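>>> Dropping a prediction and its sequence here:
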2 protein chains.
Amino acid sequence: MLSEKMLMLGKKSSCIREIFEYSKKRKAEIGEDKVFDFSIGNPSTPPPQIVLDTMKKILNEKDAVALHGYTSAAGDLVTRRTIAENINKRFGFEAKPELIYMTCGAAASLTVTLKAIIKEGDEVILLAPFFPEYNVFAANAGAKVKAVLGVGEQFDVNLEGLEKEINKNTRAIIINSPNNPTGAVIGASSLEKLAALLEKKQKEFNSHITIIADEPYRELVYDNVAVPYIPNFYDNTVVCYSYSKSLSLPGERIGYISVSPKMQNAGDMFAAVCGAGRSMGYVCAPSLMQYTAAVCDGVCPDVESYDKRRSRLYSALTEIGYSAVRPDGAFYLFVKALEDDAFKFCERAKKYELLLVPSDDFGVTGYVRIAYCVTEKQIEDSLPAFKMLYDEYMGEKK
Amino acid sequence: MLSEKMLMLGKKSSCIREIFEYSKKRKAEIGEDKVFDFSIGNPSTPPPQIVLDTMKKILNEKDAVALHGYTSAAGDLVTRRTIAENINKRFGFEAKPELIYMTCGAAASLTVTLKAIIKEGDEVILLAPFFPEYNVFAANAGAKVKAVLGVGEQFDVNLEGLEKEINKNTRAIIINSPNNPTGAVIGASSLEKLAALLEKKQKEFNSHITIIADEPYRELVYDNVAVPYIPNFYDNTVVCYSYSKSLSLPGERIGYISVSPKMQNAGDMFAAVCGAGRSMGYVCAPSLMQYTAAVCDGVCPDVESYDKRRSRLYSALTEIGYSAVRPDGAFYLFVKALEDDAFKFCERAKKYELLLVPSDDFGVTGYVRIAYCVTEKQIEDSLPAFKMLYDEYMGEKK
């Protein structure tokens, strides 16, 4: 009587969200501070003060009918103008307000973009490790998914692997830099090579291969690492943005899609985005948050506080003996599991109340993702547990 | 290079939203108060004071990390408990929090519900006149749509027509009471007959036919008309609700899906709803609005102010000579066009700066929809225009 696919999807639930729900239960059982939940990318730092102040100011000052009424389906024009101006200032680009579509956050940005471009038989390439829900979003649009595993310790873009997997049906490639789960940022020279490869393949197959740049972590980078703006490297790019992480507003569902004006038929691409949003019931993005974004777009998150957590956790874990790549951005640490089966490793970690996410759904085996967007206290309190877990494995090896 | 379907959908755009956009342009040209825009259901009354106060209170008092962080994908449990309790108190029902899924408004409620139940080959029945986007939402889920025209002046439920159209592939029927565009409320005796017909057909075809009750206008009824609670009449019901109209929050995108616990496999139905939401990128509904709904669910809109508008417009138009059904609820007047072609009629109305919506997309020809959720001043100021339009037609007839 039901769509079997949706039933399966609902029953299985996302691996990350499953642990998140377990965590809530477990915390209720043994106490909030006894469970070391590193499962979900729910920022532990509050929104920057200006964001909170802006919301209150808008609620106090803006006419309530206009404030809470529908905006245009694509979003408030002032908001879209501000976003375009900021992009152009920061990246020397030529973004256009009329090619920006406000969304209910990153997930919506991706499902809408994919739905806009995918036709039957089309393929989407993911660079592993990748955010697991990409599979779900691509399937919703009807795309076949292929994954190309990154190379080396840092999972760099695997150009050779990509060249082999791209064919006439390849319609899009999802790029996520800074990356969830590794924190890696793709540098300019890698992007140049990637763009050249895609240009070559577009010519070879007389096709369109769109880069979907999923950038919720753009503002979250450390040590002054630069995150190159992909539309400056490759014309056929759609940027999917979200304020969830940069402004610590994951629950409020606000983000945008920015179609590059350098794309061939950019106007049609934007129309298809509008059509896809409409078909899935995305009429307008939450209005108070749109008006907040109009003021707060470009506001920086508290990078320093995340940096502290990154440094502390990275140093402590590698000191214990764990092996991990030092992340350049985002708030995840991708750590080698102490046995091949990451699921089993995570199960053992649970004994110490450590909630980690196995890497398998990210397209890589033998790792775990640790979301360190938690309190400093949780990090400190969890270190003995990480140590005991490590010692348990080392004891067995002796 | 794009999904042709999405491109078409984006280019065509909804008839209502097209007029809404024209209206914005025209207002900029000749002045806000010179254009009589009756096109869109954007409430002109502000949210009730308690809604505004609640938002501010939550922003001032709730911890910002928890407030703006992710809730469970299905929504905050306290919010869902409140909603279930209110349903049970008001309708003597047994709604369950664990079968309530918070959504980004009515459109999301519908697309998610449809996606959860539709399999290839399934059909959805609409009762004409109906909200035009039902067609778009059903198509997104892959359903074939059939429309059954209501009978009589008030477009009552056409049981005979329904009996003919229901077959083994019929998977759902969308009921919208109070109705957009007629304002009609389906009474208890009609519902009893409808339920009996559907039960009979379910047995005949050994199938499941779900009533999707789209109820954004539930709280907007006049003259103390009762809106029967459909799950009390028919077990296989999913209620789709939105606070857009009742709390004047259309821009904020907040609503819910309530699966009847009396439905066979209600748990699976709910899981499929979660799966469908996930597949389309609906991770959690906007959190500030969820917490607001937890306090304000059940708050009544300013019915009196809409009633004033309804009475004034209905009396004035029928006095001029127009023919319309007096609505029991919602904030639309469904008026007979003065020529067979409603599009041509609306074009002529534009000359007098009257922006009306032709009925064709609602599945009926020869009518227009007038959304009277506008200011009283707009209604008063528009009456001479309605009179001139009427006189123009009458002059030609002589």
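Yep, that arrived.

>>> Next to chain B, which bits of the stretch 151-300 of chain A? Give me the list.
Within the stretch 151-300 of chain A, the positions near chain B by C-beta under 8 Å from any C-beta of the partner chain are A:207-208, A:248-253, A:264-265, A:268-276, A:278-290. Quick note: C-beta positions are derived from backbone N, CA and C, even for glycine.

>>> which secondary structure elements does the helix or strand hosting A:Asp381 contact?
Element membership of A:Asp381, judged by DSSP states H and E, is helix A:376-397. Other helices and strands packing on helix A:376-397, by 3 or more C-beta pairs under 8 Å, 6 or more residues apart in numbering or on different chains; DSSP states H and E, are strand A:36-37, helix A:303-320, helix A:342-351, strand A:354-355.

>>> list the buried ones in that helix?
By 16 or more other C-beta atoms under 10 Å in any protein chain shown, the buried positions in helix A:376-397 come out as A:378-379, A:382-383, A:386-387, A:389.

>>> among the residues of the stretch 151-300 of chain A next to chain B, which ones are buried?
Among those, those buried by neighbour count (16+ other C-beta under 10 Å) are A:207-208, A:248-253, A:268-276, A:278-290.

>>> Out of those residues, list just those in helices.
A:268-276, A:278-279, A:287-290 (DSSP state H).

>>> which of the residues you listed sit farthest apart?
The span of those, defined through C-beta to C-beta, is set by A:Asp268 and A:Leu288 at 31.4 Å.

>>> so what are the domain limits for chain A?
A:4-48+A:301-397, A:70-296 (automatic domain parsing).

>>> between those domains, which gets the lowest average pLDDT?
Note on the domains of chain A: domain A:4-48+A:301-397 shows the lowest mean pLDDT, a mean of 94.

>>> measure that one end to end?
Across domain A:4-48+A:301-397, the terminal residues are separated by 45 Å (C-alpha to C-alpha, to the nearest Å).

>>> Same check on stretch A:30-41?
Using C-alpha to C-alpha, the two ends of stretch A:30-41 sit 22 Å apart.

>>> touching chain B at all, that stretch?
Yes. Contact of stretch A:30-41 with chain B (C-beta under 8 Å from any C-beta) involves A:Ile40.

>>> now that stretch, how far from the centre of its chain.
Computed by C-alpha atoms, centre = their mean, to the nearest Å, the chain-centroid distance of stretch A:30-41 equals 21 Å.

>>> swap in stretch A:301-312?
Distance of stretch A:301-312 from the chain centroid (C-alpha atoms, centre = their mean) equals 18 Å.

>>> Mind listing residues that contact it?
By C-beta atoms under 8 Å, 6 or more residues apart in numbering or on different chains, the residues outside stretch A:301-312 that reach it are A:43, A:45, A:48, A:219-222, A:245-248, A:326-327, A:331, A:333, A:372-374, A:376, A:379-380.

>>> Pull out the buried residues from the residues you listed.
Buried subset of those (neighbour count, 16+ other C-beta under 10 Å): A:43, A:45, A:48, A:219-222, A:245-248, A:327, A:331, A:333, A:372-374, A:379.

>>> Just the ones in strands from these, please.
Those of the buried ones among the contacts of stretch A:301-312 mapping onto strands are A:Leu333, per DSSP state E.

>>> Take the buried ones among the contacts of stretch A:301-312 and keep only those in helices.
A:Ile379.

>>> quick revisit: ok, which of the domains of chain A comes nearest B:Val157?
Of all the domains of chain A, domain A:70-296 sits nearest to B:Val157, with 25.5 Å by C-beta to C-beta.

>>> how far is the closest one from where the chain is centred?
Centroid separation between domain A:70-296 and its chain, computed with C-alpha atoms, centre = their mean, is 10 Å.

>>> got the end-to-end distance for it?
First-to-last distance for domain A:70-296 - C-alpha to C-alpha - comes to 20 Å.

>>> And for stretch A:71-78?
Chord length of stretch A:71-78, first to last residue, is 11 Å (C-alpha to C-alpha).

>>> ok, and what's touching that stretch?
With contact meaning C-beta under 8 Å, 6+ apart, stretch A:71-78 is reached by A:80, A:97, A:100-102, A:256, A:274, A:277-278, A:283-285, A:287, A:290-291, A:294, B:13, B:17, B:20-21, B:24, B:251.

>>> Apply 6 Å and report the result again.
With contact meaning C-beta atoms under 6 Å, 6 or more residues apart in numbering or on different chains, stretch A:71-78 is reached by A:101-102, A:283-285, A:287, A:290, A:294, B:17.

>>> Tabulate those in TSV, adding columns for distance to A:Ser39.
Formatted as TSV, these follow (distance: C-beta to C-beta, whole Å):
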residue	distance to A:Ser39
A:Tyr101	31
A:Met102	29
A:Val283	32
A:Cys284	32
A:Ala285	27
A:Ser287	31
A:Gln290	30
A:Ala294	33
B:Arg17	40
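
>>> What is the nearest of those to B:Phe93?
The nearest member of the contacts of stretch A:71-78 to B:Phe93, counting by C-beta to C-beta, is A:Val283 at 28.8 Å.

>>> List the contacts of the closest one.
Counting by C-beta under 6 Å, 6+ apart, A:Val283 makes contact with A:73, B:107.

>>> All the strands of the stretch 101-250 of chain A, residue numbers only.
A:123-128, A:144-149, A:170-175, A:210-214, A:237-242 (DSSP state E, counting those that start in this stretch).

>>> export these to JSON lines and tack on mean neighbour count and distance to B:Lys115?
Formatted as JSON lines, the strands of the stretch 101-250 of chain A follow (neighbours: other C-beta atoms under 10 Å in any protein chain shown; distance: least, C-beta to C-beta, whole Å):
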{"stretch": "strand A:123-128", "mean neighbour count": "22", "distance to B:Lys115": "20"}
{"stretch": "strand A:144-149", "mean neighbour count": "17", "distance to B:Lys115": "19"}
{"stretch": "strand A:170-175", "mean neighbour count": "24", "distance to B:Lys115": "22"}
{"stretch": "strand A:210-214", "mean neighbour count": "26", "distance to B:Lys115": "22"}
{"stretch": "strand A:237-242", "mean neighbour count": "26", "distance to B:Lys115": "21"}
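
>>> Would you tell me which of those gets closest to B:Ala143?
Judging the strands of the stretch 101-250 of chain A by C-beta to C-beta, what sits closest to B:Ala143 is strand A:144-149, at 23.6 Å.

>>> The closest one: partners in the sheet, and parallel or antiparallel?
strand A:123-128 (parallel) (DSSP bridges).

>>> List the contacts of the strand it pairs with.
By C-beta under 6 Å, 6+ apart, strand A:123-128 touches A:134, A:138, A:143-149, A:169-170, A:172-174, A:363-364.

>>> now, among the residues you listed, which is nearest to B:Asp53?
B:Asp53 has its nearest neighbour among the contacts of strand A:123-128 in A:Tyr134, at 41.2 Å by C-beta to C-beta.

>>> so of the domains of chain A, which one's packed in deepest?
Ranked by mean neighbour count, those are led by domain A:70-296 with a mean of 21 (mean count of other C-beta atoms under 10 Å in any protein chain shown).

>>> Surely A:Ser244 and A:Pro250 touch.
Yes. Counting by C-beta atoms under 6 Å, A:Ser244 does reach A:Pro250; the two are 3.8 Å apart.

>>> hang on, the earlier thing: export the domains of chain A as CSV, with columns for distance to B:Lys201.
Below are the domains of chain A laid out as CSV (distance: least, C-beta to C-beta, whole Å):
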stretch, distance to B:Lys201
domain A:4-48+A:301-397, 23
domain A:70-296, 28
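
>>> and B:Ala106, which of those domains is closest to it?
The closest of these to B:Ala106 is domain A:70-296. By C-beta to C-beta, the value is 8.1 Å.

>>> how about the helices in the stretch 51-200 of chain A?
A:64-68, A:77-91, A:106-117, A:133-141, A:159-165, A:188-205 (DSSP state H, counting those that start in this stretch).

>>> can you redo the ones you listed as a markdown table with distance to B:Ala188?
Below are those laid out as a markdown table (distance: least, C-beta to C-beta, whole Å):
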| stretch | distance to B:Ala188 |
| --- | --- |
| helix A:64-68 | 34 |
| helix A:77-91 | 46 |
| helix A:106-117 | 39 |
| helix A:133-141 | 39 |
| helix A:159-165 | 61 |
| helix A:188-205 | 62 |
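
>>> Okay then, goodbye and thanks.
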